[in-house]
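Asker: Here is a sequence with its predicted model. Questions after.
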Amino acid sequence: MCSKGISTGDFSEALAALLGTEAPGLSASTVTRLKSVWEEEYRDWSKRSLEGKQYVYVWADGVHFNIRLEEDRQCILVLMGATADGKKELIAVADGYRESEQSWKALLLDVKARGLKVDPKLATGDGALGFWKALRKVYPKTREQRCWVHKTANVLDNLPKRLQPEAKQKLHDIWTADTREHAHEAFDLFVATYKAKYPKAVECLVKGRDVLLTFYDFPAEHWIHLRTTNPIESTFATVRLRTKRTKGSGTRTACLTMVSKLMQSAAKRWRSLNGADRRTTGPALGLSRSPCRGTASFRRGATCLATPRPPDRQPAVPSASSSCGMISKPSASWPRKSAGCTNNVARCPACSESQIRHKGLYSTG
């Protein structure tokens, strides 16, 4: 109940309504003692081993909270990731200092020391320079993607309110374009429209143009997840309901512990990445373009793991025989995953000749 927004002073009244007036041991002091268990659980969780973990994508953000007994606001750093099978997980929650490079570097070095050795393929975050400086030092191979929600807000701040609805739609057209080429066209249109009268807004947008469109190099079904930090922001919407009710925590430790507990609870309901059911369940070693479908897909070694062609699009019966005299459509014993993909070097069950050699004898229908 504490994590859902009930203050400790209201516990007795709330629980009496649920359990009856005879329910003992529910005073505010008792609840406060029980909350100390959360602190121990957080310490254990923050030291857990990450050995063998590999995250394809990570999201990073810093969220600020008011502390009743302190003047400065507390900044809590959050790092979450998506595994190779599309499952989102909470990696770390730590107390930071204004999203500084040193704070982020300490967090990243900590998770690396606990076993997170492999560089993620992509990191998504806002424009805070501290995280990106730290990321380049700890995980130099990880590519960068700036959050479009934060970028949109920053650009609109440099425009008069009367123009913001129209400008917002033009910005939306950039990051929802179906291809990188169309995104660049929409980008250039925005620049041409506002450059003369509102150079600050255009300068804000153009800054970091390449890292705003990095997500186009990854599977299209993942774009909705990669172009913003919404996976973190949406979770913190529920956290703020709790902090708003209590008007902030009394101490930094209490706030950090509560945020960690709430996010771990929310993580149980996080949905997987789009298309996760069609991806490999093993560790993905890289991302590239699939030669058989023309779209990005996860690959393990040289075996293409793209979605198989539907039954109605399978190759037709051949009109000529192969070198082994095989004149019927390949049977189910051919272990191919995607018809026509030259990376799938399946063997003919009759003559052991590669599927590539037989390929020319079949019409693709």
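Answerer: Arrived safely, thanks for sending. Numbers count the residues shown, from 1 in each chain.
Asker: any low-confidence regions in this protein?
Answerer: Applying pLDDT under 70 to the chain flags residues 1-31, 69-70, 241-250, 277-365.
Asker: rerun at 80
Answerer: The model of the chain has pLDDT under 80 over residues 1-36, 66-73, 97-98, 234-252, 276-365.
Asker: Break it into its domains for me.
Answerer: The chain resolves into domains spanning 2-43, 48-147+228-267, 297-365 when parsed by automatic domain parsing.
Asker: Show me where the stretch 101-250 of the chain has its helices.
Answerer: Taking DSSP state H, counting those that start in this stretch as the test, the helices found in the stretch 101-250 of the chain are 101-113, 129-138, 148-156, 164-175, 180-194, 199-206, 209-212, 223-226, 230-246.
Asker: Next, the angle helix 180-194 makes with the fourth one.
Answerer: Read that as helix 164-175. In terms of direction (axes from the mean of the first three to the mean of the last three C-alpha atoms, to 10 degrees), helix 164-175 departs from helix 180-194 by 150 degrees.
Asker: buried set for helix 164-175?
Answerer: For helix 164-175, the buried set under the neighbour-count rule, 16 or more other C-beta atoms under 10 Å, comprises 167, 170, 171, 173, 174, 175. Just so you know, the C-beta spots here come from the backbone N, C-alpha and C atoms, and that holds for glycine as well.
Asker: Closest to residue 143 out of the residues you listed?
Answerer: For the buried residues of helix 164-175, the minimum distance to residue 143 (C-beta to C-beta) is 16.5 Å, reached by residue 175.
Asker: For residue 260, give me its contacts.
Answerer: For residue 260, the contact set (C-beta atoms under 8 Å, 6 or more residues apart in numbering) comprises 42, 45, 46, 93.
Asker: what does residue 170 give?
Answerer: Contacts here follow C-beta under 8 Å, 6+ apart; on that basis residue 170 touches 186, 189, 190, 193.
Asker: hang on, the earlier thing: turn the helices of the stretch 101-250 of the chain into CSV, columns for distance to residue 257.
Answerer: Compiled in CSV, the helices of the stretch 101-250 of the chain are given as follows (distance: least, C-beta to C-beta, whole Å):
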stretch, distance to residue 257
helix 101-113, 17
helix 129-138, 23
helix 148-156, 27
helix 164-175, 36
helix 180-194, 42
helix 199-206, 37
helix 209-212, 34
helix 223-226, 28
helix 230-246, 12
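Asker: what's the closest of the ones you listed to residue 264?
Answerer: Short answer: helix 230-246, nearest of the helices of the stretch 101-250 of the chain by C-beta to C-beta, at 10.4 Å.
Asker: how about the nearest residue to residue 107, chain neighbours excluded?
Answerer: The shortest distance from residue 107 to any residue that is not its chain neighbour, by C-beta to C-beta, 6 or more residues apart in numbering, is 4.9 Å, and that residue is residue 94.
Asker: Measure how buried that neighbour is and give me the count.
Answerer: Residues lying near residue 94 (other C-beta atoms under 10 Å) number 19.
Asker: helices or strands up against the helix or strand hosting it?
Answerer: Applying DSSP states H and E as the criterion places residue 94 in strand 88-96. Helices and strands in packing contact with strand 88-96 are listed as helix 28-46, strand 55-65, strand 74-83, helix 101-113, helix 252-267; criterion 3 or more C-beta pairs under 8 Å, 6 or more residues apart in numbering; DSSP states H and E.
Asker: Mind putting these into JSON lines with distance to residue 131?
Answerer: Formatted as JSON lines, the helices and strands packed on strand 88-96 follow (distance: least, C-beta to C-beta, whole Å):
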{"stretch": "helix 28-46", "distance to residue 131": "19"}
{"stretch": "strand 55-65", "distance to residue 131": "5"}
{"stretch": "strand 74-83", "distance to residue 131": "8"}
{"stretch": "helix 101-113", "distance to residue 131": "5"}
{"stretch": "helix 252-267", "distance to residue 131": "18"}
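Asker: Please identify which of the ones you listed is closest to residue 220.
Answerer: For these, distance to residue 220 was read as C-beta to C-beta. The smallest value, 14.5 Å, belongs to strand 55-65.
Asker: what comes up buried for the closest one?
Answerer: Buried residues in strand 55-65, counting neighbours by 16+ other C-beta under 10 Å, are found at 55, 56, 57, 58, 59, 60, 61, 62, 63, 65.
Asker: repeat for stretch 37-47
Answerer: Taking 16+ other C-beta under 10 Å as the basis for neighbour counts, the residues of stretch 37-47 that come out buried are 38, 42.
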